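Trainee: only geometry, no sequence info:
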């Protein structure tokens, strides 16, 4: 999962500026229409060096006892186990998230669900990450569990494992539109029930929201 | 725990609303009710005076802080976090700055860490004082409010002298501090700490053995340890239930590993225990401040960080023990100057979820006591 930012970087996260920057050099050598192909291939190279390549690998594979036990129990459902800045991150198969959660709570004693949230990577095939930050009071240890989900996919709710997840999953639904299967009451929590769209998605444009609201309610151009 | 998962009684839509019995009544409280400490709205289903179900309606103060973060640089976003828990802005700032420092893999210099600790502990006292004053006021004790605000004022004056602001301080910077400690900071803190000890005794004289106070808080809003953990409660709410967990001890940050202090815990997890835990926490914070001003290391106050921050791609979760509980920041960097995502784990939001569990079976008057004892700030619940 942690290689996401690196994938995202060349492909350009803020959809606007980076593709524009790479298309600008291709258009500068004029006339030579057939020769345009090699220069087109060249710009990505100068574009790649500017983000300074981290000299140390920050995301390293993790292989401790906990990972071994989870792998023994869930085999291929454990997709990835890495460490980023000394924090353990497991990526598990989305469909088995609740099962893994139950195991982590009962067997590995991660009894406190600190946080549940989501991330949006719109370029990826399964665009969402559901992220659980767990804490074990007994072991004084943190663990992050991620599951990848596509738009409209149902993610098994963990509200039955940690009741904390009730509101946290509602917030993730409210902000990202992620559907949690088996949630007792999956409704918006912070935004009004009739709100359109999911604000924390990367393609939810705040300026567009502002202009359309001003136009609709005040009948003028917002000037943003 | 299974029964607790859903707190949908009155329901989100009218569809879920079940028929009311002959003695039942739906009562709406807030969002403009003085005892709800902001814009909390609670729907109560009553059987006479007794609450049989409740639902919190939140979001009236939602400003989309997490979305704003994605459109600001790392430094630009720092002042926004002060506006979540606006009665403990210093703590919010500490959590954010430390999270970004972890992401950048830099550490604030020792002097900065100690000054941060002093200010954060003062902020904890100020936050608890505000809680005590308003909580007592809600229950009907008017006097403590004036006393608490008097002491809180002294703390706010120290903040003002330090950084020019009293509430939304933006006291810290990513990498350390912007301002050197002013000349008489140690003296001011010491004077406050010396004067504060007899003051806590004054509050306790007013409340701890007061029959009305005992009647209104003992056995009200009981949250057992197992339920508190399952519902994700943190901070004083969790500790009053008897779980000895404080991030300052469990995973020390700033300069907390250098100081001696106790973690007060309760036994029954009722409103009275939460009161006692917070009172003791103020005493412990005072002790931390006194230890810290003894020996503030000399040296730089700012680590070497660039003017433009571009943390290497990756992610970090960092949490601190804010006055209200675990305040976590989950920050994802894509290597650009703006965070890819900032997730804030607000203690008030998660603690408020225990409300429904705590309020069931109590009287309407206790609802006010239970909202007060949770010590929520709606700016943080809604973000």
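Mentor: Sure thing, it's come through. No experiment lies behind these values; they were computed from the predicted model shown.
Trainee: Quick check: which ranges of the chain have low pLDDT?
Mentor: Went with chain A since none was named. Confidence mapping of chain A against pLDDT under 70 gives the ranges A:1-56, A:222-224.
Trainee: look at chain B instead
Mentor: In chain B, residues with pLDDT under 70: B:1-20, B:22.
Trainee: can you give me the strands for it?
Mentor: Secondary structure of chain B, counting by DSSP state E: strands at B:24-29, B:41-47, B:50-57, B:172-173, B:176-177, B:314-322, B:325-333, B:341-345.
Trainee: hmm, the second one in reach of chain A?
Mentor: Just to be clear, that refers to strand B:41-47. No: counting by C-beta under 8 Å from any C-beta of the partner chain, chain A is not contacted by strand B:41-47; separation bottoms out at 12.4 Å. For every residue, glycine as well, the C-beta is placed using N, CA and C.
Trainee: And for the most centrally placed residue in chain A, nearest residue in space, chain neighbours not counted?
Mentor: Residue closest to the average C-alpha location in chain A (C-alpha atoms, centre = their mean): residue A:119, at 2.6 Å. Once flanking residues are discounted, residue A:119 sits nearest to residue A:129: 4.2 Å by C-beta to C-beta, 6 or more residues apart in numbering or on different chains.
Trainee: Need phi/psi at the residue nearest to the centre of chain A.
Mentor: As for residue A:119, its main-chain torsions (degrees, to the nearest 10) stand at phi -130, psi 150.
Trainee: what about the helices in the stretch 201-350 of chain B?
Mentor: Ranges of helices within the stretch 201-350 of chain B are B:211-217, B:225-230, B:236-240, B:247-250, B:271-294, B:347-352, based on DSSP state H, counting those that start in this stretch.
Trainee: Pick the most buried one from these.
Mentor: helix B:236-240 (a mean of 30; mean count of other C-beta atoms under 10 Å in any protein chain shown).
Trainee: can you pull the contacts of the residue nearest to the centre of chain A?
Mentor: Going by C-beta atoms under 8 Å, 6 or more residues apart in numbering or on different chains, residue A:119 touches A:128-129, A:131, B:332, B:340-341.
Trainee: Over to residue B:299?
Mentor: Each residue near residue B:299 by C-beta under 8 Å, 6+ apart is listed here: B:109-111.
Trainee: can you check residue A:66 too?
Mentor: Taking C-beta under 8 Å, 6+ apart as the criterion, residue A:66 is in contact with A:88, A:108, A:143.
Trainee: Show me the residues you listed that map onto strands.
Mentor: Judged by DSSP E, the contacts of residue A:66 include A:88, A:143 as members of strands.
Trainee: circling back to that earlier point, Throw the contacts of residue A:119 into TSV and include distance to residue B:323, thanks.
Mentor: Formatted as TSV, the contacts of residue A:119 follow (distance: C-beta to C-beta, whole Å):
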residue	distance to residue B:323
A:128	33
A:129	31
A:131	26
B:332	27
B:340	29
B:341	26
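Trainee: Closest one to residue B:251 out of those, please.
Mentor: Nearest to residue B:251 among these: residue A:131, at 19.1 Å, using C-beta to C-beta.
Trainee: for the closest one, what are its contacts?
Mentor: Applying C-beta under 8 Å, 6+ apart to residue A:131 gives the contacts A:115-119, A:144-146, B:330, B:343.
Trainee: cutoff 7 Å now
Mentor: A:117-119, A:144, A:146 (C-beta atoms under 7 Å, 6 or more residues apart in numbering or on different chains).
Trainee: again, but for residue B:216
Mentor: By C-beta under 7 Å, 6+ apart, the contact list for residue B:216 reads B:139, B:369.
Trainee: swap the cut-off to 8 Å and go again
Mentor: Residue B:216 makes contact with B:139-140, B:271, B:365-366, B:369 under the criterion C-beta under 8 Å, 6+ apart.
Trainee: Please tell me how far residue B:336 sits from chain A.
Mentor: Using C-beta to the nearest C-beta, to the nearest Å, residue B:336 is found at 7 Å from chain A.
Trainee: hmm, I was thinking of residue B:307
Mentor: Counting by C-beta to the nearest C-beta - residue B:307 and chain A are separated by 16 Å.
Trainee: what do you get for residue B:36?
Mentor: Using C-beta to the nearest C-beta, residue B:36 is found at 17 Å from chain A.
Trainee: Leaving out the residues flanking it, which one is nearest to the residue minimising distance to the centre of chain B?
Mentor: Centroid check for chain B by C-alpha atoms, centre = their mean gives residue B:324 as the closest residue, at 2.4 Å. Counting by C-beta to C-beta, 6+ apart, residue B:347 is the residue found nearest to residue B:324 once chain neighbours are left out, at 4.2 Å.
Trainee: just checking, residue B:163 touches residue B:181?
Mentor: No: in this structure residue B:163 lies outside contact range of residue B:181 using C-beta atoms under 8 Å: 10.5 Å.
Trainee: so what's the residue lying closest to residue B:268 once chain neighbours are set aside up against?
Mentor: Leaving aside its sequence neighbours, residue B:268 sits nearest to residue B:222 (C-beta to C-beta, 6+ apart; 6.2 Å). Applying C-beta under 8 Å, 6+ apart to residue B:222 gives the contacts B:268-270, B:358.
Trainee: change it to 7 Å
Mentor: By C-beta under 7 Å, 6+ apart, the contact set of residue B:222 is B:268-270.
Trainee: Ok, residue B:269 next?
Mentor: Shown in contact with residue B:269 (C-beta under 7 Å, 6+ apart): B:222-225, B:228, B:240-242.
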